[in-house]
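> can you look at this prediction? I've put the sequence above it.
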Amino acid sequence: MSHFTTIQTEVRDLEALRDACIDLDLVLESGITCRGYAGINRTAHRVVRLKGPYDIAVDPSPDDGRYNLTTDWWGGHVEREAGAGFGRLLQSYGVQKTIREARTRGLRFSRQIEADGCVLLTLEGGAL
């Protein structure tokens with residue numbers, strides 16, 4: 001039996017999440033249905049629309065300003081696009097959030113993706 005599972009994350013900036021989705025060739029949509037196993041759907045505040053049969057629901061946490069990510073992990077469909085435990089999506093989110101903060105502080109940045117998939121982000125100028 002399959003079901004939706006929520007993973008606690010530190011996503012707090014929806015615009016950085018939108019940029020992360022663009023990085024991964026995904027789309028963050030507003031207020032729509034999130035698809036799961038066997039046609040089981042749920043409504044979500046935002047949805048990361050995946051190419052496969054399932055999506056990722058993005059809902060505000062009621063107590064701390066974070067957004068929870070919820071999906072149906074059955075069959076590895078989400079893992080192929082967003083990484084295990086949303087790893088690729090959260091990595092891209094972290095990079096995009098850092099870039100957004102660097103821009104607000106007038107810092108220059110460069111990003112390099114290593115052969116193993118790690119991201120080397122370099123910030124220059126001003127005071128951190």
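Arrived safely, thanks for sending. Numbers count the residues shown, from 1 in each chain.
> if I look at the most centrally placed residue in the chain, how far off is Leu17?
When Cα atoms, centre = their mean is applied to the chain, the residue found nearest the centroid is Leu89 (4.1 Å). Distance of Leu89 to Leu17, computed by Cβ to Cβ, to the nearest Å: 8 Å. Every C-beta, even on glycine, is put in place using the N, C-alpha and C of the backbone.
> between the two, what contacts are shared?
Common contact partners of Leu89 and Leu17 (Cβ atoms under 8 Å, 6 or more residues apart in numbering): Val48.
> quick one: buried residues of whatever helix or strand the residue nearest to the centre of the chain lives in?
Secondary structure assigned from DSSP states H and E places Leu89 in helix 87-104. Neighbour counts using 16 or more other Cβ atoms under 10 Å place 88-99, 102 of helix 87-104 among the buried residues.
> past the least confident helix or strand in the chain by mean pLDDT, which element shows up next along the chain?
Least confident helix or strand of the chain, by mean pLDDT, DSSP states H and E, is strand 4-11 with a mean of 68. Later in the chain than strand 4-11, the nearest helix or strand by DSSP H and E is helix 14-23.
> now tell me what touches that next one from outside.
For helix 14-23, the external contacting residues (Cβ under 8 Å, 6+ apart) are 11, 27-28, 46, 48, 58, 67, 89, 92-93, 95-97, 99-100.
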